[in-house]
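> next input, structure requested:
(one chain, ligands or ions: 1)
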Amino acid sequence: MTGSSDFPVTGLRGRLTPNAPLGPRAWFRVGGPADWLFVPEDQDDLALFLREKPAAMPVTVLGACSNVIIRDGGIAGTVIRLARGFADITVQGNSLIVGAAALDITVAEHAAAAGLAGLEFLAGIPGSIGGAVRMNAGAYGSDINAVLEWADILTAEGDLHRLSHDELGFAYRHSELPEGSTVIRASLRGTPDNADAIRSRIADIRASREASQPVRARTGGSTFRNPEGHKAWQLIDEAGCRGLQIGDAQVSEKHCNFLLNLGQASSADLETLGETLREKVLAQSGVDLHWEIKRIGRKSEGEQTV
Ligand SMILES: Cc1cc2nc3c(=O)[nH]c(=O)nc-3n(C[C@H](O)[C@H](O)[C@H](O)COP(=O)(O)OP(=O)(O)OC[C@H]3O[C@@H](n4cnc5c(N)ncnc54)[C@H](O)[C@@H]3O)c2cc1C
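The predicted structure is shown next:
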C-alpha cells in the first residue's frame, strides 16, 4: 500500500492519498481535494476499510464524477474511488454481471458483443455502473430500473448484501440505496438479438447524443430533474436563460439543462448559476426545479461537509 502512516486504518492494500485533488477527475473539472482518497484493491480491501474506519470519519463514494459538482472546499474524510478490482464484466446466460467501476459505454459494448439487446441506452451515459445504479440512470426510453436484476453492495459497516431489484426502490433518477452503502457489482438482463443490429443502435444513440448535447464540454449532464409534466430545459429556455453566464459558468446554448465550465469556473460559480436558474424559472413559470446533479463537499476549506 502507498499512502500515509497518519491514516487510522492499517493493513489496507489499495492506494491511499492524502489531500488528493478531485477536480481533474470530475467532468466539470472543478472541486477541491479529498482529505483522503482511497482506491481499494478489491472487495475485501474495501470491506476492511469500512469495518475498521473510525465511526466519525465521513465516507463518500465517487464513480466517473459525471453527475456531481464537487464543491471548492473539497470533501471531508475519505473519498472512495472504485477502479480495476471492480471493473470485471462477465456474461451469464442472458445477463451481464458487471463491476461497479465498469463504464456504462463499456457495458453496452460487451452486451452487443454477446448478442444481448436492451443495454444500448447505456452507450450515451458517460458514468460508471455504480453511479448508474445510484442514480437510476436512463435515456432513450429505458433506465437501470428496466434491466437490473440485483446489485451487490457493501453497507456502511462493510457487510456484503445482495439487493433484489425491488429492494432498490427505483424511481425517476432515484434509488433507495441504503445510506452510506457502496454498489460493488450488478446483474443486468439482456434479450438475445443480432450483434450487428445492437451495434448499429449504439452508433445511432452516440450520433444523436453528439447532435443534441454538449458531450465534449466540461459539464455534469442534466442539471435539474424534469418536473412532473414539464421539461427542465424548456422551462429554463422560457425563463430567458439560454446562454446565461456567471463568471466562466454558462447555461449551454445547445441544451439549456446542461451547465458548462468554460474554463475557469469555480464550483461556487456553477452552483450560483444553478440557483439563479431556479429563481428565474420559479418567477417565470411557478415551477420549483430540483437539482439532479449531486452537489457534494465543503463550500470552503474548514467548513463541515454538507
Ligand atoms: C455529457 C453527459 C451526458 C449525460 N447524460 C445522461 C443521461 O442521458 N441519462 C442519465 O441518467 N444521466 C446522464 N448523465 C449524468 C451521469 O452520467 C449519470 O448520472 C451517471 O449514472 C453518473 O455516474 P457516475 O459514475 O459518473 O457517478 P458520479 O457522478 O461519480 O456520482 C453520482 C452519485 O452516485 C454515487 N455513486 C457513484 N458510484 C457509486 C457506487 N459504486 N456506489 C454507491 N453510490 C455511488 C455518488 O456518491 C453520487 O451520489 C450525463 C452526464 C454527462 C456529463
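> how near is the residue lying closest to residue 59 once chain neighbours are set aside to residue 63?
Distance criterion Cβ to Cβ, 6 or more residues apart in numbering; nearest residue to residue 59, sequence neighbours excluded, is residue 78 at 5.3 Å. Just so you know, the C-beta spots here come from the backbone N, C-alpha and C atoms, and that holds for glycine as well. Distance of residue 78 to residue 63, given as Cβ to Cβ, to the nearest Å: 16 Å.
> tell me where the stretch 1-150 of the chain has strands.
Ranges of strands in the stretch 1-150 of the chain, per DSSP state E, counting those that start in this stretch, are 15-20, 34-39, 59-62, 68-70, 75-81, 89-92, 95-99, 116-117, 138-139, 142-143, 148-154.
> so residue 76 touches residue 59, yeah?
No - contact criterion Cβ atoms under 8 Å: residue 76 and residue 59 do not qualify, at 9.9 Å.
> compare those two (neighbour count), which wins?
Higher neighbour count among residue 76 and residue 59: residue 76, with 21 against 18, using other Cβ atoms under 10 Å.
> tell me the pLDDT at that one?
pLDDT for residue 76: 97.
> which residue does the stretch 151-300 of the chain have closest to the ligand?
As assessed by Cβ to the nearest ligand atom, the ligand sits closest to residue 221 within the stretch 151-300 of the chain, at 2.3 Å.
> any residues touching stretch 222-237, and which ones?
Outside stretch 222-237, the residues within contact range by Cβ atoms under 8 Å, 6 or more residues apart in numbering are 172-173, 242, 251, 255-259, 274, 277-278, 280-281, 284-285, 287-293.
> in strands, which of these appear?
When DSSP state E is applied, the contacts of stretch 222-237 are split such that 251, 259 fall in strands.
> how about residue 161, phi and psi?
For residue 161, the backbone dihedrals are phi -130, psi 140 (criterion: degrees, to the nearest 10).
> can you tell me who it pairs with across the strands?
Going by DSSP bridges, residue 161 is paired in beta bridges with residue 153.
> do you know how far it is from residue 114?
With distances taken as Cβ to Cβ, residue 161 is found 27 Å from residue 114.
> what does residue 10 give?
Taking Cβ to Cβ as the measure, residue 10 falls 42 Å from residue 114.
> more neighbours: these two, which one.
Between residue 10 and residue 114, residue 114 has the larger neighbour count (other Cβ under 10 Å), namely 18 against 9.
> quick check: closest non-adjacent residue to the more buried one.
Excluding the flanking residues, the one nearest residue 114 by Cβ to Cβ, 6+ apart is residue 91, at 4.6 Å.
> contacting residues around that neighbour?
Under the criterion of Cβ under 8 Å, 6+ apart, the neighbours of residue 91 are 97, 110, 114, 116.
> related to what we said a few turns ago, which pLDDT value belongs to the residue of the stretch 151-300 of the chain closest to the ligand?
Model confidence at residue 221, expressed as pLDDT, equals 93.
> show me which residues of the stretch 1-150 of the chain sit near the ligand.
By Cβ under 6 Å from any ligand atom, the part of the stretch 1-150 of the chain that sits against the ligand consists of 27, 61-68, 82, 100, 124-128, 130-132, 134-135, 137-139.
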